[in-house]
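Participant: build the 3D model from these lines:
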Amino acid sequence: MGKIYEEAMNYLYSLPDYERLGKASMDIKRVQHLMEAIGSPHLKLQAIHIAGTKGKGSTSAMLESILRRAGFRTGLYTSPHLIHVEERIRVNGREIGRSELARSILEIGGIAEKNRIPCTTFELLTATAFSWFEAMKVDIAVLETGMGGRLDATNVIPSPLICVLTSIGLDHIEILGSTIGEIAREKAGIIKPGSTVICSPQRPEAMAEIEKAADEMRARVVAVGRDIMYDLISSDRRGPVINFHGIRSRYEGVRIGLLGSHQAENAAVAIASVEELVGRGYDIKEEAIREGLRKVKWPGRLQIVGKRPYIVLDGAHNPDSMEKLVRALDEVFPGVRRIAIFGAMKDKDIRGMISLLRPAISYLIATRIKSQRSAGQSDISSVAKELGITDICETSELSEAMERAYKISNPDDLILITGSLYLVGEALEMMRKAS
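Facilitator: Next up is the predicted model:
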């Protein structure tokens, strides 16, 4: 099976990648043709569709965790993966097996070629996920968009149970647009006729586009911070605690298993989505909501993987997510000396991220990611020096950076690995091999 898996991965990554090719490579009609060629699994799924810039992965994980504990057979489709592709496709919390993934990729790829339907890496993975969810007879599939909304491969879902829009900011501007309004317009493309939209608090220009799209589709918008309220009670190393005040219910003292006060907003969106399902007759008890949020797992996001010194992983890769990370560090690790290992893709806003990170750290180690798209460590170092960071060094790879961090750290310090989910994935793989 190892040979078949290798063949499937080689085939998958031989396909075009729309992140590199841009909007011109994204064609929803082509994805519809591919779905039809494999038996239209997308038409047989009950789905919750989630788009946004920040928090969509965490919100997806929270929703799936709640639904699974309510007794539903769940599908979860997310991106990107941290270590292995199979992380992206889960049923009842379990990753698709390597053999099943490999067979499905090669089979669907063969059908696409036979029908002369060109597809990208993400489109083939999306078709694989939908096909697997149908085969496994999931009750509800939670689907995270890849980057946009309107042209995203997941947007072939015609009538999702709920459309969810998490916080929208500037990211993938070369594909989605250079302003918040333009990006929101693309993300709001997941809104379907007559649907219910659960929405995070948004900047005014983003909310205007969401409301406009909803009006055009005669969809109902339920906005957290306007129609749904929550209060952050505390935030520490056990996770934040919130009180939730919904349209149907109130929940006091809800503990969230993901660290950082920013997860309170994502949890409120998840509970609001569950309330909408309850209103449609889905049996989801308060106990499932509480347990689902308390036990949710979402690796690589303010994840503590070591102690003495603390080792914390966070895939913040744009200024918005870096700002939330820095705030969370001050909440969860107040007064702790922090050494940051930073690596990023060269197309990201490195200056914006480091300027936010600078006051939160005592030392910066600039490193490279194992990717041709990685920014060079000297480029990162130069930016950091221009921003006034003096305690800094450069390494050519993560293992060297970790060695350096251990040498200069004390048991009570914190080593932070951040700047890219790809770097976080490297760290998780390195630690797994060492254990």
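
Participant: who's in contact with the closest residue to Leu423 other than its chain neighbours?
Facilitator: Counting by Cβ to Cβ, 6 or more residues apart in numbering, Leu423 lies nearest to Gly343, which is 4.3 Å off, once chain neighbours are set aside. Glycine gets a C-beta too; all of them are placed from N, C-alpha and C. Gly343 is in contact with 366-369, 374-375, 377, 380, 398, 419-420, 422-423, counting by Cβ atoms under 8 Å, 6 or more residues apart in numbering.

Participant: what's the pLDDT at Gly343?
Facilitator: Looking at Gly343, its pLDDT reads 97.

Participant: narrow the contacts of Gly343 to those that are buried.
Facilitator: Among the contacts of Gly343, those buried by neighbour count (16 or more other Cβ atoms under 10 Å) are 366-369, 374-375, 377, 380, 398, 419-420, 422-423.

Participant: avg pLDDT for the helix or strand where Val326 lies?
Facilitator: Val326 is part of helix 319-332 when elements are defined by DSSP states H and E. Averaged over helix 319-332, pLDDT sits at 92.

Participant: and if you look at stretch 133-145?
Facilitator: 97.

Participant: check stretch 101-111 too.
Facilitator: The model assigns stretch 101-111 a mean pLDDT of 97.

Participant: in stretch 210-225, which residues are buried?
Facilitator: Buried, per 16+ other Cβ under 10 Å, within stretch 210-225: Ile210, Glu211, Ala213, Ala214, Met217, Ala219, Val221, Val222, Ala223, Val224.

Participant: any idea whether the spatially closest residue to the second one that is not a sequence neighbour is helix, strand or coil?
Facilitator: Going back to what we said before, that points to Glu211. Excluding the flanking residues, the one nearest Glu211 by Cβ to Cβ, 6+ apart is Val221, at 6.3 Å. Classification of Val221 using DSSP: H, G, I helix; E, B strand; the rest coil returns strand.

Participant: for Val221, give me its contacts.
Facilitator: Neighbours of Val221 in contact, by Cβ under 8 Å, 6+ apart: Val197, Cys199, Ile210, Glu211, Ala214.

Participant: okay if I get those residues as TSV plus distance to Leu12, pLDDT and secondary structure?
Facilitator: Below are the contacts of Val221 laid out as TSV (distance: Cβ to Cβ, whole Å; pLDDT from 0 to 100; DSSP: H, G, I helix; E, B strand; the rest coil):
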residue	distance to Leu12	pLDDT	secondary structure
Val197	33	98	strand
Cys199	34	97	strand
Ile210	34	96	helix
Glu211	39	97	helix
Ala214	36	97	helix
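
Participant: so can I have CSV of these showing distance to Ile408?
Facilitator: Shown next, in CSV, are these (distance: Cβ to Cβ, whole Å):
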residue, distance to Ile408
Val197, 48
Cys199, 44
Ile210, 46
Glu211, 51
Ala214, 52
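
Participant: quick one: the helices in the stretch 101-250 of the chain?
Facilitator: For the stretch 101-250 of the chain, helices defined by DSSP state H, counting those that start in this stretch occupy the ranges 121-135, 173-176, 180-187, 204-216.

Participant: re earlier: how far away is the residue nearest to Glu211 from Glu275?
Facilitator: 14 Å (Cβ to Cβ, to the nearest Å).

Participant: sorry, back to before: show me the contacts of Gly343 that map onto strands.
Facilitator: Ala366 (DSSP state E).

Participant: tell me the one among the contacts of Gly343 nearest to Lys187.
Facilitator: Ser420 (21.9 Å; Cβ to Cβ).

Participant: now the closest one: phi and psi?
Facilitator: Backbone torsions of Ser420, given as degrees, to the nearest 10, read phi -170, psi 140.

Participant: please report how far the residue nearest to Glu211 lies from Ser249.
Facilitator: As defined by Cβ to Cβ, Val221 lies at a distance of 20 Å from Ser249.

Participant: same check, this time on Asn318
Facilitator: 34 Å.

Participant: equivalent analysis for Ile140, please.
Facilitator: 20 Å.

Participant: now do Phe333
Facilitator: For Phe333 relative to Ser249 (Cβ to Cβ), the value is 33 Å.

Participant: which residues touch Lys346?
Facilitator: Neighbour list for Lys346: Arg373, Ser374, Ala375, Gly376, Asp379 [criterion: Cβ under 8 Å, 6+ apart].

Participant: so what's the third one closest to, chain neighbours aside?
Facilitator: Distances taken as Cβ to Cβ, 6+ apart place Lys346 nearest to Ala375, at 4.1 Å, with adjacent residues excluded.

Participant: give me the contacts around stretch 245-253.
Facilitator: 222, 227-231, 233, 241, 243-244, 271-272, 275, 278-279, 286, 289-290.

Participant: what residues of that stretch count as buried?
Facilitator: Under 16+ other Cβ under 10 Å, the buried positions of stretch 245-253 are Gly246, Tyr251.

Participant: first-to-last residue distance for it?
Facilitator: By Cα to Cα, to the nearest Å, the extent of stretch 245-253 from end to end equals 11 Å.

Participant: where exactly do the strands run in the stretch 51-200 of the chain?
Facilitator: Counting by DSSP state E, counting those that start in this stretch, the stretch 51-200 of the chain has strands at residues 74-77, 89-91, 94-95, 140-144, 162-165, 196-199.

Participant: could you dump the ones you listed into JSON lines with mean neighbour count and distance to Ile108 added?
Facilitator: Output for these, formatted as JSON lines (neighbours: other Cβ atoms under 10 Å; distance: least, Cβ to Cβ, whole Å):
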{"stretch": "strand 74-77", "mean neighbour count": "26", "distance to Ile108": "15"}
{"stretch": "strand 89-91", "mean neighbour count": "24", "distance to Ile108": "13"}
{"stretch": "strand 94-95", "mean neighbour count": "14", "distance to Ile108": "18"}
{"stretch": "strand 140-144", "mean neighbour count": "27", "distance to Ile108": "17"}
{"stretch": "strand 162-165", "mean neighbour count": "28", "distance to Ile108": "26"}
{"stretch": "strand 196-199", "mean neighbour count": "26", "distance to Ile108": "31"}
